[in-house]
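Enquirer: next comes the sequence, and after it the predicted model I'd like to discuss.
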Amino acid sequence: MAISRARRVPWVMWLQDLVTDGAATTGLLDGRLLAAARRFERATYTSASRVVAISDAFRSNLVEKGVPQEKIVRIFNPSTRVPEHRNEVEPTPGTPPSILAMGNIGHSQGLDHIVDAFQLDPGLLERDARLVIAGSGVAAEAVRARIADARVQMRGVLYGDELEPDLRGATLGVVSQRADVLEFNLPSKLMNYMAYGLPVLASVRLGSETAKIVEESGAGWVTDARDPKRFAAKAAQVLRDRAALDRAGEAGFAYARAHFAPSGVAERFETVLEEVTSGAARS
């Protein structure tokens, strides 16, 4: 009796995080556990028919790990919110400017240093600017412990429409990443800020994927995460420039429509899936 060989089922991996790299960088994994995680990671990449990476930085990381370039497809994550119109840059008269930092509050964001720099900057104090933090995570209590000014508010996790007033009322959206931590994810908050036409101020590693998107799109400004004081000084500067804020918001909104719209992302995924399944059918 002939025994038929098992047929390998084609599948597509959607890579959202370089989890092993992140765990190693932050010291959560080392030794045997790290070695085992690396083996599992390599086996997964080998098994997948395609690997969809959410950034060019991820793609470069995979190539360095020996994943064939022809197996990798870069598709940005979609924005999870799709507003009909972009934010108005001009705030309500008598309302202080609001800087929004939303999403995960983890070790890699360095949000505690952002809070320190915000509170100490005289330009932001003169503007009576507010820093609104919406989200939670393992570093949330450490961030809360740094707050010494009523202008900094931690609002916790906001669900669905609860977040809408903060997104609509913000003047700037903050993306922060520690400079000494490997870029192992692309913050989804960036896509949502730009989808709203909310100008972005990034405190990240220079040359990172986040920096590249903000600079190439014209959606805002990038400061070196090694010096959070630069973030605060830049925030105070751009809050005085309504025309620059308006240009950044408009550019980010247009870029998000072209690259982060869920319908466009779905179309690109369909193309990948059709390639994989048609190849399996031929074989």
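Expert: On my side now, so go ahead. Because the structure is a prediction, the values reported are computed rather than measured.
Enquirer: any stretches of the protein with poor pLDDT?
Expert: 1-7, 25-27, 90-93, 184, 279-283 (pLDDT under 70).
Enquirer: what ranges do the strands span in it?
Expert: Taking DSSP state E to define them, one finds strands in the chain at 12-15, 50-53, 72-74, 98-102, 130-134, 152-156, 172-176, 200-204, 220-224.
Enquirer: what strands line up against the third one, and which way round?
Expert: Put plainly, it is strand 72-74. Under the criterion DSSP bridges, strand 72-74 sits next to strand 50-53 (parallel) in its sheet.
Enquirer: give me the contact list for the partner strand.
Expert: Residues outside strand 50-53 that contact it (CB atoms under 8 Å, 6 or more residues apart in numbering) are 12-15, 45, 59, 62, 67, 71-75, 269, 272, 275-276. For every residue, glycine as well, the C-beta is placed using N, CA and C.
Enquirer: put the buried members of those into a PyMOL selection.
Expert: Buried members of those, defined by 16 or more other CB atoms under 10 Å, are picked up in PyMOL with:
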select buried, resi 12+13+15+45+59+62+67+72+73+75+269+272+276
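Enquirer: list the contacts of the most centrally placed residue in the chain.
Expert: By CA atoms, centre = their mean, the chain has its centre lying nearest to Pro187, at 1.3 Å. Counting by CB under 8 Å, 6+ apart, Pro187 touches 103-104, 175, 177, 210.
Enquirer: at 6 Å what do you get?
Expert: Contact analysis of Pro187 by CB atoms under 6 Å, 6 or more residues apart in numbering lists Val175.
Enquirer: tally of neighbours for Gly207?
Expert: 12 (other CB atoms under 10 Å).
Enquirer: cool, Leu163 as well?
Expert: Using other CB under 10 Å: Leu163 sits among 18 other residues.
Enquirer: beta partners for the closest residue to it other than its chain neighbours?
Expert: Sequence neighbours aside, Ala134 is the residue nearest to Leu163 in space, at 6.3 Å (criterion: CB to CB, 6 or more residues apart in numbering). Beta-bridge partners for Ala134, by DSSP bridges, are Met102, Gly156.
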